[in-house]
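Asks: Structural data only, the sequence is not supplied:
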């Protein structure tokens, strides 16, 4: 396999040219130190080429879109300063070579140009937007600059200015030159500060190169006193060559890194050492003069005192800044501890209700089980919570959960724990509670929770199913929760609104329910469900007044499954919606068939049971209206049976019942007296039929409280013009007693058992056949 060849690296022409020109200038200068080997103009002529390269590179960077505005403006301003430098170079060359002999003096024009370009460079540096500092930072920056300037001035005085006589200088060059030195040092300090702190997309390495160039260029000024006998060698040549060659290298580096991400501001304090090095250098100079000359120069001594004062002020500023920093760190730590506390609370508590969550509950339960302490685990589930969410929205559902959790907390002992597992499931941990004490706690708890409450402006009467289990040696938290869950579903299977202790036999029942639930999902598609009809008769004649449609399930393996077994299962799993939809549609089609075939002899009314879940299913009235229109059924022939619990459970079910009544349907209140009966319900609900539960009919023939209630109910229904139907009549004695009490309709095995539609047809054919025989005899 051929090895791919790497593309040859391109030569950086500007960088090579800059380095080459710098090498030429250095070589020319060093050779000139030994003897005059060429005319001075040879050293000056190549010099403007370097600033021209810098201008070209700065102009390109100033137009590069990959850089931010601040960086582009910096390079643009640096290019402007370099353009002034070209003019200053030519002016300096004229100063050096324009006289009869070469000279190192500067004219005011040249000094002004050099001063102007240094001011522009300093302005460009200070205008970088990424360098944002506090007042303390600016104070320390000023002190550092003053320290470095003072030290540099003292050293210049010691080794240069004190030995030169400027009294006859016609141009006042020393003062102007000193200003340039000051600006140069300030620029150097600024560049170094920026190089260590970073400035947006301005490359930090480029700043390092610039600072090195400025420092080397400024250092060439110290060579000038040594060249007094060589006027043809100007330090301007060295200074310009060094500064401009490094500027080209810095610009090229910035160009290569134009796509790099912004530079983060460095927290390095390395530059803080520089002022102290300056102080050390100054005191070394003082000590050296003291040892060699036996005294200290007044200028140097005054500078040393001023420098000491500057260092003290800088140290005080640093200590104050550190003190503020420590205070900030301490405040941040306190805030962090508060956040940590809040995070620990969030980890162990439910965000909606504020009680413990599953994780905290399992940890506490596991800890007590590991310690061998006896505990009771309780699992609670709201009955028909899905109905609340579907009918009223999740906000109302959340408000209901919060209200339930508050009632749970108020009903427990101080040592007990309540937690929300998720959804509408809650769990309790009762440490050290025996069976009797647990029953007492749950009795009060269930009673308190199931009291009516106002949620979202609606009155609701919540119901809960509760599963209870006690720990045994070797139990795990998962096993306890599993057993409590099984017991809770057993409570639901028994009708809900109660608590049930776990029994091992429940596991077998739970497995059976799981298999039946899976089979029930396929029962409709396999035509395993069918309807039977039980007559509702008139008293005392026993003539049919209507029918009640009842669903049955013929299982292919287990035969007939009792409705008492699969209806609660469907309610719990939510399959009652699909089963109820099938029952309603099938019954309505059958009623329509009877109407077409038998006309006036068809059953006057047929009742169909509707569950609480189906009643609260969104769009249920619209679904019924669509079926009526599709099948073509007279709505007066259909009676919808609902339980009092279904209507009282959420409050919104009353609106659904009223909409059904507006469709022309009749409403029957089924199993009246078995739930939380409320006589106001008979007034608020458009009820046409009231079906009295069998538990009252069983005691009608004796002097029992049930008989008294039956007598009272018939008076109430007559006054409200509601037809009363006695359910579960099994004997002639019961039928006679009910008729004497005033009941005109009844239903039960005494009159007829539930029968298939074919037997109902035979029952309807009887009168027609008798009429046919009578017409033949006539």
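Replies: Thanks, I have it. The shown structure was predicted, so the numbers you read here are calculated from the model rather than taken from an experiment.
Asks: can you list the domains in the chain?
Replies: 13-131+198-264, 356-503, 517-769 (automatic domain parsing).
Asks: Between the two ends of the second one, how far is it?
Replies: What it means is domain 356-503. Domain 356-503 stretches 28 Å from its first residue to its last (CA to CA, to the nearest Å).
Asks: Give the rounded mean pLDDT of that domain.
Replies: Mean pLDDT, domain 356-503: 90.
Asks: residues of stretch 457-475 that come out buried?
Replies: In terms of neighbour count (16 or more other CB atoms under 10 Å), stretch 457-475 has its buried residues at 458, 460-471, 475. Quick note: C-beta positions are derived from backbone N, CA and C, even for glycine.
Asks: Pipe those into TSV and attach secondary structure and distance to residue 411 per row.
Replies: Output for the buried residues of stretch 457-475, formatted as TSV (DSSP: H, G, I helix; E, B strand; the rest coil; distance: CB to CB, whole Å):
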residue	secondary structure	distance to residue 411
458	strand	23
460	strand	18
461	coil	17
462	coil	13
463	coil	15
464	strand	11
465	strand	16
466	strand	12
467	strand	17
468	strand	15
469	strand	19
470	strand	19
471	coil	22
475	coil	25
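Asks: Of those, which is the nearest to residue 105?
Replies: When the buried residues of stretch 457-475 are ranked by distance to residue 105 (CB to CB), residue 458 comes first, at 99.1 Å.
Asks: ok, now how distant is the closest one from residue 400?
Replies: When distance is defined by CB to CB, to the nearest Å, residue 458 is 10 Å away from residue 400.
Asks: Repeat that for residue 764.
Replies: From residue 764 to residue 400 the distance is 48 Å (CB to CB).
Asks: Between these two, point out the one with more neighbours.
Replies: Neighbour totals were compared for residue 764 and residue 400, and residue 400 leads with 23 against 16 (other CB atoms under 10 Å).
Asks: so the more buried one, which of the three states?
Replies: At residue 400 the chain is in helix, as set by DSSP: H, G, I helix; E, B strand; the rest coil.
Asks: looking at it, it is touching residue 461, isn't it?
Replies: No. Applying CB atoms under 8 Å as the test, residue 400 and residue 461 come out as separate, 11.1 Å apart.
Asks: count of neighbours near residue 593?
Replies: For residue 593, using other CB under 10 Å, the count is 14.
Asks: Kindly report the same for residue 702.
Replies: 10.
Asks: Backbone dihedrals for residue 373, please?
Replies: phi -80, psi 140 (degrees, to the nearest 10).
Asks: what's the spacing between the spatially closest residue to it that is not a sequence neighbour and residue 760?
Replies: Spatial nearest neighbour of residue 373, excluding adjacent residues (CB to CB, 6 or more residues apart in numbering): residue 431 at 6.1 Å. Note on residue 431: its distance to residue 760, by CB to CB, is 60 Å.
Asks: The strand ranked longest in the chain: which residues count as buried?
Replies: With secondary structure taken from DSSP state E, the chain has its longest strand at strand 544-555. Within strand 544-555, the residues that count as buried by 16+ other CB under 10 Å are 544-553.
Asks: What are the boundaries of the helices in the stretch 451-600 of the chain?
Replies: 477-493, 505-523, 563-573, 576-598 (DSSP state H, counting those that start in this stretch).
Asks: helices and strands around the second one, which ones?
Replies: By that I understand helix 505-523. Judged by 3 or more CB pairs under 8 Å, 6 or more residues apart in numbering; DSSP states H and E, the packing partners of helix 505-523 are helix 477-493, strand 544-555, helix 563-573.
Asks: Okay, and the spatially most central residue of the chain sits in which element?
Replies: Computing the C-alpha centroid of the chain and ranking residues by CA atoms, centre = their mean puts residue 351 first, at 12.7 Å. Under the criterion of DSSP states H and E, residue 351 resides outside all helices and strands.
Asks: buried set for the helix or strand encompassing residue 629?
Replies: Using DSSP H and E, the element containing residue 629 is helix 620-631. Applying a neighbour-count criterion of 16+ other CB under 10 Å, the buried positions in helix 620-631 are 620-621, 624-625, 627-628.
Asks: do stretch 79-95 as well
Replies: 79-89, 91-93, 95.
Asks: Look at residue 413 and give its secondary structure.
Replies: coil.
Asks: Of the buried residues of strand 544-555, which is the nearest to residue 487?
Replies: Once CB to CB is applied, the member of these that ends up nearest residue 487 is residue 553, at 25.9 Å.
Asks: hang on, the earlier thing: need the helices of the stretch 451-600 of the chain in CSV with distance to residue 374, can you?
Replies: Output for the helices of the stretch 451-600 of the chain, formatted as CSV (distance: least, CB to CB, whole Å):
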stretch, distance to residue 374
helix 477-493, 11
helix 505-523, 21
helix 563-573, 31
helix 576-598, 39
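Asks: Out of these, which is closest to residue 18?
Replies: helix 477-493 (75.4 Å).
Asks: Check the secondary structure at the closest residue to residue 542 other than its chain neighbours for me.
Replies: In this structure, residue 542 finds its nearest non-sequential neighbour in residue 751, 5.9 Å apart by CB to CB, 6+ apart. Here residue 751 is coil, with the state taken from three-state DSSP.
Asks: Do I have it right that residue 751 meets residue 728?
Replies: No. With contact defined as CB under 8 Å, residue 751 does not reach residue 728; the gap is 11.0 Å.
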